[in-house]
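> Have a look; sequence and predicted model below, questions after that.
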Amino acid sequence: MKVGVMAGYWGSGPPKRMEQTVAEAEALGVDSFWTAESYGSDALTPLAWWGARTSTIALGTSVCQMSARTPTALAMAAQTLDHLSGGRVILGIGASGPQVVEGWYGQPYPRPLERTREYISIMRAVWARDEPVTFDGRHYQLPYQGGTGLGKPLKSIVHPLRRDIPIYMGAEGPKNVALAAEIADGWTPLWFSPKTDDFYRAALAEGFARQGARRTADDFEIANVCWLVEDDDVERAASRLKPVVALYAGGMGAKDANFHNDVFVRMGWGDACAEIQDLYLKGRADLAAQAVPTAMVEDVALVGPADKICEDIERRWKPTCLTTLILGGWPRPENREKILDAIR
């Protein structure tokens, strides 16, 4: 299993010591460094800023919001950064949810799977650079149909360093996971749990079996962000993540349209999710966090002393379908190589 480190998206400001963390990670042979975006910091600027101080580590987005940019704009950004980094970009993209897509980006959300398929097709046409790009889809048209009528097919001025930059899809539901297996180079789960490994293997197998599938299980990458909090006390470690779990399970999206909540329900946390969501939507985020069971955190994160974390990695995480474990937290100096070696 490969190992990555996650900067994520920011809270009120940039994460502290990230420049040092990335340098330490590269020196220790960590395979990849990842950023994210939602509706605050963007994924590409921090990746370029911190990535400029590295030379070997792969640079990934987990994820770029599709609704934030047109397919050609994201293709341009990816090929630009790929040139500057010497071919180290992994482009993770995601459809997000209606709350963010329509509330923040002012774009329509319906038919996200169809939209994703069109989006990826256009980006690959840009990078292939075989001919001026044209596309006639439900969601995207090149040239634009309407307006002045003066639009014309164009070919990228830049010759991409790689004509086939790897695309990973962020996905949670079984249909979207199957689509990732069919048309993408990799999948970035969110809130993956080893206990749901069989469920996701089945969804992936459905995608791999489709006619024209791009990859097989043997050359498909699955890079999962796993929160890590070291502490001699498991309860104390888990308590640091309970507000995050409560936010996603209870506060993201509407009551009947929260895909993160659905993920935890599939793990068997239906009753807890109902209570967490009810409290969160009533404005009681503090009580919602308290309602998150410690075992629910342990299902999706690495928490506790270093020895327990290493045992969890070996016993629970390494037998799964994952190919890369992206740490959402940097191990303590005295345990760093021990934990990284356990993942490898």
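That came through fine. This one's a predicted model, so the numbers in the text were calculated from it and none came from an experiment.

> Would you map the helices across the stretch 201-344 of the chain?
234-246, 259-266, 270-281, 285-290, 294-300, 306-312, 336-343 (DSSP state H, counting those that start in this stretch).

> how about the ones you listed in TSV, adding mean neighbour count, distance to P166 and mean pLDDT?
Using the backbone N, CA and C atoms, a C-beta is placed for each residue, glycine as well. As requested, the helices of the stretch 201-344 of the chain are exported to TSV (neighbours: other CB atoms under 10 Å; distance: least, CB to CB, whole Å; pLDDT from 0 to 100):
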stretch	mean neighbour count	distance to P166	mean pLDDT
helix 234-246	19	28	97
helix 259-266	20	24	92
helix 270-281	19	33	95
helix 285-290	17	36	96
helix 294-300	20	25	98
helix 306-312	17	28	98
helix 336-343	18	21	98
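
> closest to P143 out of these?
Closest approach to P143 among these (CB to CB): helix 259-266, 33.8 Å.

> between the closest one and helix 234-246, how many degrees?
Here helix 259-266 runs at an angle of 130 degrees relative to helix 234-246 (axes from the mean of the first three to the mean of the last three CA atoms, to 10 degrees).

> could you check the angle helix 270-281 makes with helix 259-266?
Going by the same axes, to 10 degrees, helix 259-266 makes 150 degrees with helix 270-281.

> In terms of secondary structure, what does helix 259-266 contact?
If you count contacts as 3 or more CB pairs under 8 Å, 6 or more residues apart in numbering; DSSP states H and E, helix 259-266 packs onto helix 270-281.

> Quick check: buried residues in stretch 208-228?
Residues of stretch 208-228 classed as buried: F208, R214, R215, F220, E221, I222, A223, N224, V225, C226, W227, L228 (neighbour count, 16 or more other CB atoms under 10 Å).

> if we can go back for a sec, in a markdown table: the helices of the stretch 201-344 of the chain, plus distance to A180.
Listed next are these as a markdown table, based on distance: least, CB to CB, whole Å:
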| stretch | distance to A180 |
| --- | --- |
| helix 234-246 | 24 |
| helix 259-266 | 14 |
| helix 270-281 | 24 |
| helix 285-290 | 30 |
| helix 294-300 | 19 |
| helix 306-312 | 26 |
| helix 336-343 | 22 |
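
> mind checking which of the ones you listed is nearest T134?
That would be helix 259-266 among these, by CB to CB, at 32.9 Å.

> Checking G92 next. Helix, strand or coil?
Three-state call for G92 (DSSP: H, G, I helix; E, B strand; the rest coil): strand.

> surely it meets T61?
Yes: G92 lies in contact with T61 (CB atoms under 8 Å); the separation is 4.6 Å.

> Common neighbours of these two, please.
Common contact partners of G92 and T61 (CB atoms under 8 Å, 6 or more residues apart in numbering): W34.

> higher neighbour count, the two?
Between G92 and T61, T61 has the larger neighbour count (other CB atoms under 10 Å), namely 28 against 24.

> Can you tell me how far the more buried one is from L302?
Plainly put, T61 is 23 Å away from L302 if you go by CB to CB, to the nearest Å.

> Please apply the same query to T54.
As judged by CB to CB, T54 and L302 stand 24 Å apart.

> For these two, indicate the residue with more neighbours.
Taking neighbours as other CB under 10 Å, T54 and L302 compare with L302 leading, 29 against 18.

> Who does the more buried one form a beta bridge with?
Using DSSP bridges, the bridge partners assigned to L302 are L228.

> distance of it from W191?
Distance of L302 to W191, given as CB to CB: 13 Å.

> Dump stretch 167-183 to PDB, restricted to CA.
Extracted in PDB, the C-alpha atoms of stretch 167-183 (Å, rounded to 0.1, in the frame of the first residue of the first chain):
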ATOM      1  CA  ILE A 167      -8.100  11.300 -13.300                       C
ATOM      2  CA  TYR A 168      -9.500  10.100 -10.000                       C
ATOM      3  CA  MET A 169     -13.200  10.400  -9.200                       C
ATOM      4  CA  GLY A 170     -14.500  11.400  -5.800                       C
ATOM      5  CA  ALA A 171     -17.500   9.100  -5.200                       C
ATOM      6  CA  GLU A 172     -19.500   7.800  -2.300                       C
ATOM      7  CA  GLY A 173     -22.600   6.100  -3.700                       C
ATOM      8  CA  PRO A 174     -22.500   2.700  -5.500                       C
ATOM      9  CA  LYS A 175     -23.500   4.100  -8.900                       C
ATOM     10  CA  ASN A 176     -20.800   6.800  -8.800                       C
ATOM     11  CA  VAL A 177     -18.200   4.300  -7.600                       C
ATOM     12  CA  ALA A 178     -19.100   2.000 -10.600                       C
ATOM     13  CA  LEU A 179     -18.800   5.000 -12.900                       C
ATOM     14  CA  ALA A 180     -15.300   5.700 -11.500                       C
ATOM     15  CA  ALA A 181     -14.300   2.100 -12.300                       C
ATOM     16  CA  GLU A 182     -15.600   2.500 -15.800                       C
ATOM     17  CA  ILE A 183     -14.200   5.800 -17.000                       C
END
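
> heads up, I number from 25, so please use that
Okay, using 25 as the starting number, the last item reads as stretch 191-207.
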